[in-house]
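Visitor: how would this look folded up:
(2 chains)
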Amino acid sequence: MPTLAETQARFVAALRNRDTAPLPLVLGRDGEIPALRFDVYRNNVHVSLVNAIAAAYPTVERLVGPDFFRGMARVFVGEALPQTPVLLDYGAGFPAFIERFSPASTLPYLADVARIDWAWHRAYHAAEGQSLTPRDLSAVPAEHLGGARFTLHPSVQALASPWPSLSIWRTNRHDDEVRSVNLRAGGEETLVSRPGHEVGVWHLPNGGSRFLHRLLAGETLSDAAGATGAEFDLVTTLQTLLTSGAIAHYRF
Amino acid sequence: MTAQAEARRDPTRGVGPSGARAEPPIPASAGVGLKPAHYRDILEARPPVGWFEVHPENYMGAGGPPHRYLEAVRERYPLSLHGVGLSIGGAQPLDTAHLERLAALVRRYQPGLFSEHLAWSTHTTGFLNDLLPLPYNESTLAHVARHVSQVQECLGRTMLLENPATYLRFQDSSIAETEFLEELASRTGCGLLLDVNNAYVSAVNHGFDAADYLDRFPMEFVQEIHVAGHVRRLDDLDQPLLIDSHDTPVPDPVWILLERALKQCGPQPVLVEWDSDIPEWAVLMGQAERAQHTLERCHPAAYRHHANAC
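Guide: Just a heads-up that it's a prediction; the model follows:
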């Protein structure tokens, strides 16, 4: 009699590979070869995991259409099972997978659009946190502001893309009819935050995501701004951070 | 009848191993599986449902709207946690990180009941997200019993174990499922969750009589019942193959089995499960009403007081 570990290893091999039979472990109703019965388990595993990917990447699904999406996600699921039973955490590697999935190579911005979906998903489930208002920050004398260090809301994520990925994401996520986006319009940077109950997505000035990552690393405001170059629009970036509730605390 | 079983038959007292604890126990009435699509309907209309059940794995994010809604529902209704990720029948050791996440949710939401499945879903290659079947023999019985005891120790409470819906059986199964569950409950002190849809699905798939399965089921350990829908297919040999899909109304044969089960195990919490192609709230509410009527028809004396009060 095989051990339970041997039985389950064989069962999983047959689940994951159509050419591997689960026999002679299992029987159907009358001891027949239960191919379709075993397919119920195969189908449950793969369809439910594709559904989990679809739940996290609704904008990508709309952009490429459900058939292409499910085919692509099925290949991803075949390569990488979840490593925990918490499916909310499954699919972080999907954007990187899209980058090397050759049937999607005609859509070079698709991985970056997927990264915005994933940031939205993470923000939705992120821990609660405080958000400073513009008034809170106005209490800081202007001459001291440059020395301030910020703690950001746990939901905050910043992304930079060489494509107009945010414009593509927005129209596919929100518009009844998808608008065309000029792919030569240049790169876009994106801020995702969930200040209260709802996840929001904002456009960041160029260099904004670099600035934000430096703030996250604990640099002062002036050091973080100095590292982004002379053309960096600090005022608009700070306004966006405050509007989006991205700043939780400041300290000196 | 034992004092414990007697207490369980009083629907106003609630049931479950946690009856003496601070958390509201799950009443012997109809409950519904809570879905995000219905959060607002439920919080705005406060429908007369006895209790709600959720899959704890869906609430293992750090924060955000899911927890906010679940807390609001929990303030208004008794809550049961029904795990789908522990892989109690898995050959490998239980995932202690996952157990710790469950323990944290139990501390946070103080559920009236915690249940899991007689199945496995995790292998060394990862989590398969399905409730996979298990051979029933002395070796697997001892193994699953150790896992159940470990869960109960970690959570500091007794759990319920649910009978699975299966499509295949194993050559090296030597113990009947009902006997396997009875032995598990006796050895570990866990309770049982009787899913009558699973009983029906397995009965049709394996060609046995579902009523006979219920007659053999160790009803003295049952503390919760599930009903759900399934779809009908044919297998390779044109034999009926029912799939436990949870995406339809509860079919008539399952309602009939529910009545039979309730007459055998007394008034129990009855959950309506609907997990995909989720309909509007009114449809689920209608299913819950039917479950409640079934409870009251089977045990008129137990609900007379309740009915007068309405």
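
Visitor: give me the three-state assignment for A:Ile168.
Guide: Assigned with DSSP: H, G, I helix; E, B strand; the rest coil, A:Ile168 falls in the helix class.

Visitor: surely it and A:Val113 touch.
Guide: Yes: using CB atoms under 8 Å, A:Ile168 is in contact with A:Val113, at 5.5 Å. For the C-beta atoms, the positions are set from N, CA and C on the backbone; glycine is no exception.

Visitor: list residues touching both of those two?
Guide: Common contact partners of A:Ile168 and A:Val113 (CB atoms under 8 Å, 6 or more residues apart in numbering or on different chains): A:Leu63.

Visitor: show me where pLDDT drops low in chain B?
Guide: Along chain B, the parts satisfying pLDDT under 70 run over B:1-23, B:305-310.

Visitor: does the least confident helix or strand in chain A by mean pLDDT come close to chain B?
Guide: Among the helices and strands of chain A, strand A:26-27 carries the lowest confidence by mean pLDDT, DSSP states H and E, at a mean of 72. Yes: with CB under 8 Å from any CB of the partner chain as the criterion, chain B is reached by strand A:26-27 at A:Val26, A:Leu27.

Visitor: starting at the chain centroid, how far to that strand?
Guide: 41 Å (CA atoms, centre = their mean, to the nearest Å).

Visitor: same thing with stretch B:250-261?
Guide: Stretch B:250-261 sits 15 Å away from the centroid of its parent chain (CA atoms, centre = their mean).

Visitor: do stretch A:141-148 as well
Guide: Counting by CA atoms, centre = their mean, stretch A:141-148 comes out at 34 Å from the chain centroid.

Visitor: stretch A:63-83 now?
Guide: Its chain's C-alpha centre and that of stretch A:63-83 lie 15 Å apart, by CA atoms, centre = their mean.

Visitor: what residues does the stretch 101-250 of chain B have near chain A?
Guide: Of all the residues in the stretch 101-250 of chain B, those lying near chain A are B:101, B:120-130, B:132, B:134-135, B:137, B:139-140, B:143, B:167-172, B:205-207, B:233-237, B:239, B:241, B:243, going by CB under 8 Å from any CB.

Visitor: residue boundaries of the strands in chain A?
Guide: Counting by DSSP state E, one finds strands in chain A at the ranges A:26-27, A:149-152, A:157-161, A:188-193, A:200-204, A:247-251.

Visitor: and the angle from the fifth one to strand A:188-193?
Guide: With axes from the mean of the first three to the mean of the last three CA atoms, to 10 degrees as the basis, strand A:200-204 and strand A:188-193 are set at 140 degrees to each other.

Visitor: show me what strand A:200-204 is packed against.
Guide: Contact partners of strand A:200-204 among helices and strands, from 3 or more CB pairs under 8 Å, 6 or more residues apart in numbering or on different chains; DSSP states H and E: helix A:165-174, strand A:188-193, helix A:234-243.

Visitor: closest residue of the stretch 101-250 of chain A to chain B?
Guide: Closest contact between the stretch 101-250 of chain A and chain B, by CB to the nearest CB, is at A:His125 (3.0 Å).

Visitor: quick one: that residue from A:Ser193, how far?
Guide: Relative to A:Ser193, A:His125 is positioned 14 Å away (CB to CB, to the nearest Å).

Visitor: okay, the two: which has more neighbours?
Guide: Counted by other CB atoms under 10 Å in any protein chain shown, A:His125 and A:Ser193 do not tie: A:Ser193 has more neighbours, with 29 against 21.

Visitor: that one bridge partners, please.
Guide: A:Gly200 (DSSP bridges).

Visitor: name all residues that make contact with it.
Guide: Counting by CB under 8 Å, 6+ apart, A:Ser193 makes contact with A:Ala123, A:His153, A:Ser155, A:Val156, A:Gln157, A:Val199, A:Gly200, A:Trp202, A:Ser244, A:Gly245, A:Ala246.

Visitor: and A:Leu212, what does it touch?
Guide: For A:Leu212, the contacting residues are A:Leu152, A:Val156, A:Ala158, A:Leu191, A:Leu204, A:Leu241, A:Ala246, by CB under 8 Å, 6+ apart.

Visitor: what ranges does the stretch 1-150 of chain B have for its helices?
Guide: B:3-8, B:39-45, B:65-76, B:96-109, B:138-155 (DSSP state H, counting those that start in this stretch).

Visitor: go through these and name the closest to B:Leu262.
Guide: helix B:3-8 (12.2 Å; CB to CB).

Visitor: run through who's touching stretch A:240-252.
Guide: Here stretch A:240-252 makes contact (CB under 8 Å, 6+ apart) with A:129-134, A:137, A:140, A:144, A:147-154, A:156, A:191, A:193-196, A:200, A:202-205, A:208, A:212.

Visitor: so which bits of the stretch 101-250 of chain A are right by chain B?
Guide: Counting by CB under 8 Å from any CB, the stretch 101-250 of chain A sits next to chain B at A:Ala123, A:Tyr124, A:His125, A:Ala126, A:Ala127, A:Glu128, A:Pro154, A:Ser155, A:Arg194, A:His197.

Visitor: what is the nearest of these to A:Tyr109?
Guide: Nearest to A:Tyr109 among these is A:Ala123, at 20.8 Å by CB to CB.

Visitor: follow-up on the earlier one: just the strands of chain A: most buried one?
Guide: Neighbour counts (mean count of other CB atoms under 10 Å in any protein chain shown) averaged over each of the strands of chain A peak at strand A:188-193, with a mean of 25.

Visitor: now that strand - C-alpha only, CSV.
Guide: Provided in CSV are the C-alpha atoms of strand A:188-193 (Å, rounded to 0.1, in the frame of the first residue of the first chain):
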residue,chain,number,x,y,z
GLU,A,188,3.6,58.0,-17.0
GLU,A,189,4.1,57.7,-13.2
THR,A,190,1.3,56.5,-10.9
LEU,A,191,0.4,56.8,-7.3
VAL,A,192,-2.0,54.3,-5.6
SER,A,193,-3.3,55.0,-2.1
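
Visitor: same question for that strand, mean pLDDT?
Guide: Here strand A:188-193 scores 98 as its mean pLDDT.

Visitor: where in chain A is pLDDT low?
Guide: Looking at chain A by pLDDT under 70, you get A:22-24, A:28-33.

Visitor: which outside residues touch the helix ranked longest in it?
Guide: In chain A, taking DSSP state H as the definition, the longest helix is helix A:35-56. Helix A:35-56 is contacted from outside by A:14-15, A:18, A:22, A:26, A:28, A:61, A:69-70, A:73-74, A:76-78, A:81-82, A:87, A:90-91, A:94, A:117-118, A:121, B:128-130, B:132, B:167-168, B:205, B:233-236, B:241, B:243, using CB under 8 Å, 6+ apart.

Visitor: buried subset of these?
Guide: Buried members of the contacts of helix A:35-56, counted by 16 or more other CB atoms under 10 Å in any protein chain shown: A:14-15, A:22, A:26, A:28, A:61, A:69-70, A:73, A:76-77, A:81-82, A:87, A:90-91, A:94, A:117-118, A:121, B:128-130, B:132, B:167-168, B:205, B:235, B:241, B:243.
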